[in-house]
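Undergrad: My questions are about this predicted structure, shown below with the sequence.
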Amino acid sequence: MVDFNYFAPTEVVFGSRSEEQLAMLVRKYGGSKVLVHYGGGSARKSGLLDKIERLLREGGVEYVMLGGVVPNPRLSKVHEGIGLCRREKVDFILAVGGGSVIDSSKAIAYGVPYDGDVWDVYMQRYTPVTCLPVASVLTIPAAGSEMSESSVITNEDGDVKIGYSNNLSRPKFAIMNPERTYTLPPYQTAAGVTDIMMHTMERYFSHDGDMNLTDAVAEALLRTMMECVPEVLRDPENYRYRAQIMWGGSLAHNDLTGCGRIGDWATHQLEHELSGMFDVTHGAGLAAVWPSWARYVLKCDVSRFVRFAVNVMGVENDFTDPEGTAVRGIEAMERFYHSIGMPINIRELIGREITDAEIGEMVRKCSHGYTITQGQFKVLSPEDLTAIYNLAR
Ligand code: NZQ
Ligand code: ZN
C-alpha cells in the first residue's frame with residue numbers, strides 16, 4: 001500500500017429536491033455574481049435552466065449566461081467565457097451539465113485571474129496559484145468532474161486534447177438530482193457508465209493491491225454499475241437505479257477507489273487521442289481501447305486480472321489455468337460493452353478502418369513527441385502504444 005492524501009472537499013447535495021438549495025449554496029461559497037455555463041441545449045429543453053434562473057433571481061444572486069459548450073470542450077469557448085467573466089466581474093462559475101461543461105468552467109476559472117493564455121496551464125507552462133470558485137448542477141453521471149481536480153480541454157488548433165489536475169479547481173458543491181438524468185439518450189447513459197467503471201478500473205489495475213478495503217469498494221462499485229445500467233436502459237425513469245449510477249459516478253472519480261495505490265490511466269491517455277482526433281464520446285472511446293490494453297498488459301500480473309474476472313465479472317475460477325480465467329474476464333467485459341451498445345474496437349467506434357498514419361499521429365501526441373511513457377501497471381513506450389492501437393483497430 002502506498003501512502004496517500006484523501007481530499008474530497010465538494011459538498012454533495014443529492015436528491016429530487018436538491019436544486020432548491022442552489023442560491024443558498026452559491027452565497028455560502030462566496031458567489032455574488034455567477035456565470036451560468038451550459039452546453040448545447042438539453043438543459044434548456046428540460047426546463048432546468050429556466051428553474052436555475054428563477055432560483056438565482058429569487059435568491060437575490062446576479063448572473064450572466066454562457067451556453068454552447070460541446071462534448072470534448074473547446075479552448076475557444078473557454079476564451080469566450082474568460083472575456084465575459086472579466087467584463088461582467090463574475091466571481092463564481094456554475095456549470096449546468098456534464099463533464100464537458102464542468103471542465104470548461106474549471107478552465108475559465110483558471111483563466112480569469114491569469115494574465116497569460118489559459119492554454120499555458122494545460123501545457124504545464126504555468127501553475128495556477130488561484131482560481132474562481134466552481135460548482136455544478138450535474139445532468140449526466142460520467143466524467144466525475146463534479147468532485148474531481150481534473151479538467152480536459154481540446155485545443156482546436158491541432159485537435160490536441162489535454163487534461164490538467166489541480167486541487168484548486170475541485171468544485172465547491174455538486175447538486176445531483178437523478179431525475180435530471182431521465183432524458184439522457186441510451187448511448188450517453190451507456191458511455192457514461194463505461195467512463196465511471198473505467199475510472200475505477202484505472203485505479204484497480206495496480207501493483208499496490210494489498211489494500212483489500214479499497215479493492216472491495218472498487219469491486220462493489222463496478223458490480224453495482226453493471227447491474228444498474230441495463231435497468232435504466234430498459235426503464236429510463238427508474239429513480240432508484242439512476243440514483244445509484246449518479247452517486248457511483250462521483251465515488252468512482254473522487255479517489256475513494258484509489259486510496260493506497262497508484263493508478264494506471266493508460267486507457268484514458270490512449271482514448272484522449274481518439275476523442276481529440278475523431279470527436280467521439282469519451283466513454284465509448286474507452287470501451288474501444290480497454291480490451292486491447294488488457295490483453296497487452298495481462299502478463300504483468302495475471303493474478304490481478306483473475307481477481308477482476310472472478311470478483312467483478314462473475315467468471316468461474318479455473319485454478320489450473322489462471323491466464324484462461326483472466327482472458328475470460330476480459331471477454332466477459334467485451335460482452336457487457338456490446339450488451340449496452342458500446343464498441344470494443346476502433347472500427348466499431350469510428351465506423352471505418354483507422355489508418356497507420358492516424359495511429360502514428362496519436363502515438364506521437366500520446367507520447368508527447370516520443371519523450372514520455374504512459375501507464376503504471378505496465379509502463380508503455382511509444383512502441384507499446386502503437387501495438388495497443390493496432391490490437392484495437
Ligand atoms: O450539450 P447538451 O445539449 O447538454 O448535451 C449533452 C452532450 O451532448 C448530453 N446531455 C448531458 N446531460 C443530459 C444530456 N442530454 C439529455 N439529458 C441530459 N440530462 O450528453 C452529451 C455529453 O455531455 P458531456 O458533458 O460531454 O458528457 P461527459 O460528462 O461524459 O463529459 C465528457 C468530457 O469529460 C472529460 C472527457 O474527456 C470529455 O471531454 N473527462 C473529464 C474528467 C474530469 N474532469 O475529471 C475525467 C474523465 O475521464 C473525462 O476525461
Ligand atoms: Zn474518463
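TA: Yep, that arrived. Ligands and ions are numbered 1, 2, ... in the order given.
Undergrad: Now do the same contact list for residue 178.
TA: If you count contacts by Cβ atoms under 8 Å, 6 or more residues apart in numbering, residue 178 has them with 15, 16, 239, 242, 243, 245, 246. Where you see a C-beta, it was placed from the backbone N, CA and C, and this is true even at glycine.
Undergrad: pLDDT wise, what is the second one at?
TA: I take that to be residue 16. Each residue has a pLDDT score; the one for residue 16 is 98.
Undergrad: what about it, distance to residue 177?
TA: 6 Å (Cβ to Cβ, to the nearest Å).
Undergrad: follow-up on the earlier one: which of the contacts of residue 178 fall in helices?
TA: Under the assignment DSSP state H, the contacts of residue 178 contribute 239, 242, 243, 245, 246 to helices.
Undergrad: What sits closest to the last one if chain neighbours are left out?
TA: The one in question is residue 246. The shortest distance from residue 246 to any residue other than its chain neighbours is 4.3 Å, reached at residue 141 (Cβ to Cβ, 6 or more residues apart in numbering).
Undergrad: pretty sure the one you found contacts residue 251?
TA: No: at 10.4 Å, residue 141 and residue 251 do not qualify as touching, with contact defined as Cβ atoms under 8 Å.
Undergrad: Who has more neighbours out of those two?
TA: For the pair residue 141 and residue 251, the greater number of neighbours falls to residue 141 (31 against 22), based on other Cβ atoms under 10 Å.
Undergrad: and the more buried one, helix, strand or coil?
TA: At residue 141 the chain is in coil, as set by DSSP: H, G, I helix; E, B strand; the rest coil.
Undergrad: returning to what we had before: which one (most neighbours) among the ones in helices among the contacts of residue 178?
TA: For the ones in helices among the contacts of residue 178, neighbours were counted by other Cβ under 10 Å; the highest total belongs to residue 246, with 26 neighbours.
Undergrad: Now do the same contact list for that residue.
TA: Residues in contact with residue 246, defined by Cβ under 8 Å, 6+ apart, are 14, 138, 141, 176, 178, 181.
Undergrad: Name the nearest of those relative to residue 196.
TA: Nearest to residue 196, judged by Cβ to Cβ, of the contacts of residue 246 is residue 141 at 6.5 Å.
Undergrad: mind checking how far the closest one is from ligand 1?
TA: In this structure, residue 141 and ligand 1 are 8 Å apart, going by Cβ to the nearest ligand atom, to the nearest Å.
Undergrad: Next: residue 377.
TA: Between residue 377 and ligand 1 the computed distance is 17 Å (Cβ to the nearest ligand atom).
Undergrad: burial measure for the residue of the stretch 251-393 of the chain found nearest ligand 1, as a count.
TA: Scanning the stretch 251-393 of the chain for proximity to ligand 1 using Cβ to the nearest ligand atom identifies residue 282 as nearest, at 3.8 Å. With neighbours defined by other Cβ under 10 Å, the count for residue 282 comes to 24.
Undergrad: now do residue 67
TA: Applying other Cβ under 10 Å, we find 17 other residues in the vicinity of residue 67.
Undergrad: show me what contacts it?
TA: Residue 67 is in contact with 37, 38, 39, 40, 41, 44, counting by Cβ under 8 Å, 6+ apart.
Undergrad: mind redoing it with 10 Å?
TA: The neighbours of residue 67, taking Cβ atoms under 10 Å, 6 or more residues apart in numbering as the test, are 36-41, 43-44, 49, 77, 96-97, 101.
Undergrad: hang on, the earlier thing: I figured the residue of the stretch 251-393 of the chain closest to ligand 1 was touching residue 144, is that so?
TA: No: Residue 282 is not in contact with residue 144 according to Cβ atoms under 10 Å; the separation is 11.3 Å.
Undergrad: overlap in contacts of these two?
TA: By the contact definition Cβ under 10 Å, 6+ apart, residue 282 and residue 144 are jointly contacted by 99, 192, 195.
Undergrad: Not counting its neighbours along the chain, what's nearest residue 326?
TA: Nearest non-adjacent residue to residue 326, counting by Cβ to Cβ, 6+ apart: residue 305, 3.5 Å away.
Undergrad: so where does that neighbour fall, helix or strand?
TA: For residue 305, the host element (DSSP states H and E) is helix 302-311.
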